[in-house]
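Engineer: Quick check, what structure comes out for this input:
(2 chains)
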Amino acid sequence: MSEALIKLVNVVKKYDTNSEEITVLDGLNLGMFEGEFVAIMGPSGSGKTTILNLIAGIDGTTDGQIFVGPDEISAMTEGELARWRSQHVGFIFQFYNLIPALTAFENVELPLLLSPLSKSERREHVETALEIVGLTDRSSFYPRQLSGGQEQRVGVARAIVTDPTILLADEPTGDLDAKSAGEILFLLENLNKTFKKTIVMVTHDQNAAARASRIIHLDKGLLRADVPMNNNQAISN
Amino acid sequence: MKYIPFLLKNVFRKKTRSVLTIISILIPLILICLLNSFLQVLDQPDPSETRGMFRLVTRHKVGITNPIPASYADKISRLDGVMAITNFAWFGGTYIDESSENFFARFAVEPKSLLNVFDDASMVKGSTEDWINDASGCIVGEDLVEKFGWKIGDKIVIVGTIYPVTLQLTVRGVYKVATGASDALFFNRKYLEEALPSFKGRAGTIWTKAGDAESATRLATQIDKLFENSAYPTKTESEKAFQMGFVSMLGNVKLLITTIGVIIVLVVILISANTIAISARERIREIAVLRTMGFTRIMILSFILGESLVMSAIGGILGVVIFVLTFDPLKSFLATTPMGGLAKGLAFYPETILLAIIVSMVVGIFSAIIPAIGSSRRSIREGLRYIG
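Structural biologist: Numbering: from 1, shown residues only, chains lettered A, B, ... in the order given. The predicted model follows:
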């Protein structure tokens, strides 16, 4: 059995509120392989977005370890995590989160500003990313001039422009109509199948989850089910 | 360098707000430039010292409105180190009307000795001889000629207010001071003595020209000691100290100007800080997204500080440019106001430009530092969840 690209080992995550301590993840063990398209589903508060945040290094574990490739995310400092994220993570948000003052081109270029690429090299990467998402003719448009679906496609382009190791998508179709949602999901499938991108997607949408090669069900911070959609091997609790 | 386009785009993302913020910086900057120019005037070295002419002013110890005997000049002239001596008596009076527009200094003096003491002035029209030879003659400053259009031979009527005499004077000369204002009228004291016998033998001030700094310092003490037990004890001081005495009648003017300047800067910082804070609050989620991409806390802090510095630099530069372009008309206008005495000394000082640049940088940093630190400290998770 090949080594998992993303490994969560006995991960515990607790949050302190004013009145109590909330346990979101309680000793979760999970592995995701390179090239998988994993959908994480579950009721609100089950820990779906928390898993995404922990894998991205946006949040830290209370206990346990997280590995992405050879890197132990849970042991990195904030500065190391920032550098690691810029090279290995592409994040797609539910509400697109584009910078309104920047054009589509400039939004996609943003992550590349952290790289040592020259201006012309950055331009090449951005144009490629926009071509993949089918928005070459909208590169000079501002977010306010784009539809919701187009904005999300810019979000996808921004997430893939650095050719990251993993793509993390938090409800990427949550704010879209059915048609636009379909386009985004098609795009993600394409990225997975054609470009072999490892994608971890949090979703409430069964139709969205059906596009994945594996569906993980969470409830109260624990793994309830792990369903391969394409007979891929899975690791369960 | 590659972040500059991103920075500039954010500075002008809300154009109206940015323009108003820049205006709220540039207008106070113009005021600060003006205030500093006044401070520079007050801080200028004693003109006597810089030109090697050490002039002293002797007046009644109680105050300038008390006269002293004109004969004191004879006694003072015998002291070692005295190069020249003359006396002034303030006439005052009214020319045309009592408006500030028609106000200028009018003194009764001794024509023969005046320019010996004030040898930094020279006659540019007419002559001292013509003036000496005309008991009702007067000399006027070049600034007054420019203002009133007088010519040699013109009649000037001054109605006395302190002295019940109306002077009918004839312009016999125009003088110009090399550096400084040329804005007073001087007439022969004999005219006033003949018109008003009770004025005979009186002076308001006696002006002594010393040969060097050591003499000037020594003479000030010597002169006062000479008359300390007389019916008219004196106070002798340098020309600059004497002039500053008038300014100090307004209170501690330098402290007042400095305080006003500091208050202006603080208010600008508060206004600018409010704008930056609003902008930072609007961008909480955006900043979280940047940090998700890998931008660090230090970078976020630098972006916000950088945006603030760009705005304040634009405001500062525009403020200085407008100040430079409007300096002459502003000076001319202020010269017609009760601040005219100070305004006439206004000049362009490089220190003012430097101060304006420093102030705009201070505004840029201090108005953004707290919002910048706050923005950079917020956790990514918290920022992504922010609805706003």
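
Engineer: from here on, contacts and neighbour counts on C-alpha atoms
Structural biologist: Noted.

Engineer: The host helix or strand of B:Ile263: how far from the chain's middle?
Structural biologist: B:Ile263 belongs to helix B:253-282 when assigned by DSSP states H and E. Using Cα atoms, centre = their mean, to the nearest Å, we find the averaged C-alpha position of helix B:253-282 to lie 24 Å away from the chain's own average C-alpha position.

Engineer: low-confidence ranges in chain B?
Structural biologist: In the predicted model of chain B, residues B:44-53, B:247-251, B:336-342, B:344-345, B:388 satisfy pLDDT under 70.

Engineer: the longest helix in chain A is where?
Structural biologist: Ordering each helix of chain A by length in residues (DSSP state H) puts helix A:178-193 first.

Engineer: How about chain B?
Structural biologist: In chain B, assigned by DSSP H, the helix with the most residues is helix B:297-335.

Engineer: how many degrees apart are that helix and helix B:253-282 in direction?
Structural biologist: Helix B:297-335 and helix B:253-282 meet at an angle of 140 degrees, taking axes from the mean of the first three to the mean of the last three Cα atoms, to 10 degrees as the criterion.

Engineer: now helix B:297-335, how far from the centre of its chain.
Structural biologist: With Cα atoms, centre = their mean as the basis, helix B:297-335 stands 22 Å off its chain's centre.

Engineer: Mind listing what's buried along it?
Structural biologist: By 16 or more other Cα atoms under 10 Å in any protein chain shown, the buried positions in helix B:297-335 come out as B:297, B:300-320, B:323, B:327, B:331, B:334-335.

Engineer: That one near chain A anywhere?
Structural biologist: No: interface with chain A: helix B:297-335 contributes nothing (Cα under 8 Å from any Cα of the partner chain), its closest point being 8.7 Å away.

Engineer: What is that helix packed up against?
Structural biologist: Where contact means 3 or more Cα pairs under 8 Å, 6 or more residues apart in numbering or on different chains; DSSP states H and E, helix B:297-335 is packed against helix B:4-11, helix B:15-43, helix B:340-344, helix B:350-377.

Engineer: And the second one, what does it pack against?
Structural biologist: In other words, helix B:15-43. If you count contacts as 3+ Cα pairs under 8 Å, 6+ apart, helix B:15-43 packs onto helix B:253-282, helix B:297-335, helix B:340-344, helix B:350-377.

Engineer: Look at the closest residue in space to B:Ser18 that isn't next to it in sequence and say how many residues are nearby.
Structural biologist: Here the nearest residue to B:Ser18 in space, its sequence neighbours aside, is B:Phe12; by Cα to Cα, 6 or more residues apart in numbering or on different chains that works out to 6.0 Å. Neighbour count for B:Phe12, taken as other Cα atoms under 10 Å in any protein chain shown: 15.

Engineer: same check, this time on the one 3 residues further on
Structural biologist: For B:Lys15, the number of neighbouring residues by other Cα under 10 Å comes to 11.

Engineer: likewise A:Glu121?
Structural biologist: When neighbours are defined as other Cα under 10 Å, A:Glu121 has 12 of them.

Engineer: wait, what's in contact with it?
Structural biologist: With contacts defined as Cα atoms under 8 Å, 6 or more residues apart in numbering or on different chains, A:Glu121 has no neighbours.

Engineer: The helices and strands packed on helix B:15-43 into TSV, with extra columns for distance to B:Phe91?
Structural biologist: As requested, these are arranged in TSV below (distance: least, Cα to Cα, whole Å):
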stretch	distance to B:Phe91
helix B:253-282	27
helix B:297-335	22
helix B:340-344	18
helix B:350-377	38
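
Engineer: B:Ala108 is nearest to which of those helices?
Structural biologist: helix B:340-344 (20.0 Å; Cα to Cα).

Engineer: which SS class is the residue nearest to B:Phe38 when sequence neighbours are not counted?
Structural biologist: Distance criterion Cα to Cα, 6+ apart; nearest residue to B:Phe38, sequence neighbours excluded, is B:Leu346 at 6.5 Å. Under DSSP: H, G, I helix; E, B strand; the rest coil, B:Leu346 falls in the coil class.

Engineer: gap between the residue in chain B positioned nearest to chain A and A:Leu110?
Structural biologist: Among the residues of chain B, B:Gly294 lies nearest to chain A; the distance is 4.2 Å by Cα to the nearest Cα. Applying Cα to Cα, to the nearest Å, the value for B:Gly294 to A:Leu110 is 10 Å.

Engineer: again with A:Ile216
Structural biologist: When distances are taken as Cα to Cα, A:Ile216 and A:Leu110 turn out to be 32 Å apart.

Engineer: next one: A:Gly221
Structural biologist: Applying Cα to Cα, the value for A:Gly221 to A:Leu110 is 34 Å.

Engineer: Hmm, B:Leu20 and the residue nearest to B:Ser18 touching each other?
Structural biologist: No: when contacts are counted by Cα atoms under 8 Å, B:Phe12 is not listed as touching B:Leu20 (11.2 Å).

Engineer: give me the beta-bridge partners of the residue nearest to the spatial centre of chain A?
Structural biologist: If you average the C-alpha coordinates of chain A and look for the closest C-alpha using Cα atoms, centre = their mean, you land on A:Leu168, 0.6 Å from that point. Per DSSP bridges, residues listed as beta-bridge partners of A:Leu168: A:Phe91, A:Val200.

Engineer: Quick one: residues contacting it.
Structural biologist: Counting by Cα under 8 Å, 6+ apart, the residues that A:Leu168 touches are A:52, A:56, A:89-92, A:199-201.

Engineer: The same query, at a cut-off of 7 Å, please.
Structural biologist: A:52, A:90-92, A:199-201 (Cα atoms under 7 Å, 6 or more residues apart in numbering or on different chains).

Engineer: just A:Ala82 next, same as before
Structural biologist: If a contact means Cα under 7 Å, 6+ apart, then A:Ala82 has B:294-296 as its contacts.

Engineer: Using the three-state scheme, assign it.
Structural biologist: With three-state DSSP as the criterion, A:Ala82 reads helix.

Engineer: any idea of the pLDDT on it?
Structural biologist: The predicted local distance difference test score for A:Ala82 is 95.

Engineer: That one and A:Leu114: what is the separation?
Structural biologist: Here the distance between A:Ala82 and A:Leu114 works out to 10 Å (Cα to Cα).

Engineer: now swap in A:Ser139 and tell me
Structural biologist: As for A:Ser139, its distance to A:Leu114 is 20 Å (criterion: Cα to Cα).

Engineer: Repeat that for B:Val117.
Structural biologist: Spatial separation of B:Val117 from A:Leu114 under the definition Cα to Cα is 73 Å.

Engineer: tell me the contacts of B:Val171?
Structural biologist: B:Val171 makes contact with B:137-139, B:151-155, according to Cα under 7 Å, 6+ apart.

Engineer: Give the helix, strand or coil label for it.
Structural biologist: strand.

Engineer: That one pairs with what?
Structural biologist: When bridges are called by DSSP bridges, B:Val171 pairs up with B:Cys138.

Engineer: again, but for the one 5 residues further on
Structural biologist: Assessed by DSSP bridges, B:Lys176 has beta-bridge partners B:Ser122.

Engineer: what about it, how many residues close to it?
Structural biologist: Should you count by other Cα under 10 Å, B:Lys176 turns out to have 19 residues around it.
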